[in-house]
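In: After the sequence you'll find the predicted model.
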Amino acid sequence: MENWGVPTGSVAKKLRTILYPGLTDHQVETIVVCLMAHLLIEQKLNGFLYRWLTQNVPTLAEGEDQLKAEEAIWEKIVGMRFSKKFLLLETFFDERFPEEKKTIWKINDLRNHIFHGRSIEEAQFEGQPISEERTVERIFLAAQDVSMRFGKFEEVLDSLQPFDEPWKNSLIEFGKTLF
């Protein structure tokens, strides 16, 4: 892409200084870390939901139609609000990973606080101001920890899958389907 003689990276910085002149470089970096932490969790959540919803679905169509169907499922998932997506799994997290569940909501609340126009100076994570470097580090470490729990959740579901077959066969015997 052509840069029209503008040094790379200067457009974003110039816009930031025009639109939000009061933000320091540290505050901008903190905002980026908060967004990346939330994005990490949401990407793990999206991937999990997609695999979960499509793992036992019979082939809907052949070739291009199957690809379109899978893309439609993906688009529905990424189009959902974060809270609606996580509510699908919240009960499981409540049972197995209660602290991580709280962390997910804390990171989501922090993201909402920052990105819905509230003061960055007042933003906190676990009672600590995000202006402190150790708090910023804690945010991202917490997001990494939470993202690993989606893998554990997937392992639990995969371990139960062999038990689905007898139920599926019983339903077929009675002329019922799973879908």
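Out: Cool, got the structure.
In: any idea of the mean pLDDT for the strand or helix carrying Leu141?
Out: If you go by DSSP states H and E, Leu141 is part of helix 133-160. Averaging pLDDT along helix 133-160 yields 88.
In: Who are the packing partners of it?
Out: If you count contacts as 3 or more CB pairs under 8 Å, 6 or more residues apart in numbering; DSSP states H and E, helix 133-160 packs onto helix 25-54, helix 90-96, helix 98-115, strand 124-125, strand 128-129. Glycine gets a C-beta too; all of them are placed from N, C-alpha and C.
In: and the next element down the chain from the longest one?
Out: Tracing the chain past helix 25-54, the next element assigned as helix or strand by DSSP H and E is helix 64-79.
In: ok so, going back, among the helices and strands packed on helix 133-160, which gets the worst mean confidence?
Out: Among the helices and strands packed on helix 133-160, helix 90-96 scores lowest, at a mean of 89.
In: Find the nearest non-adjacent residue to the residue nearest the centre of the chain, please.
Out: For the chain, Glu42 is the residue whose C-alpha lies nearest the centre (CA atoms, centre = their mean; 0.6 Å). The spatially closest residue to Glu42, leaving aside those adjacent along the chain, is Phe82, at 5.8 Å (CB to CB, 6 or more residues apart in numbering).
In: how close does that neighbour sit to Leu89?
Out: 12 Å (CB to CB, to the nearest Å).
In: so what's in contact with those two at the same time?
Out: Shared contacts of Phe82 and Leu89 (CB atoms under 8 Å, 6 or more residues apart in numbering): Leu45.
In: surely Phe92 meets Phe153?
Out: Yes. The criterion here is CB atoms under 8 Å, and Phe92 meets it with Phe153 at 6.2 Å.
In: For the two, indicate the residue with more neighbours.
Out: Per other CB atoms under 10 Å, whichever of Phe92 and Phe153 has more neighbours is Phe153, with 19 against 14.
In: could you list every residue that touches the more buried one?
Out: For Phe153, the contact set (CB under 8 Å, 6+ apart) comprises 48, 89, 92-93, 96-97.
In: Among these, find me the one that's closest to Ser10.
Out: Of all the contacts of Phe153, Ser10 sits closest to Phe48, with 38.4 Å by CB to CB.
In: Pretty sure the closest one sits against Phe150.
Out: Yes. The pair Phe48 / Phe150 is scored as a contact, 4.8 Å apart, by CB under 8 Å.
In: Would you check that Ile73 makes contact with Thr54?
Out: Yes. Ile73 lies in contact with Thr54 (CB under 8 Å); the separation is 6.2 Å.
In: Which one's more surrounded, these two?
Out: Here Ile73 and Thr54 are compared on neighbour count by other CB under 10 Å; more neighbours surround Ile73, at 16 against 13.
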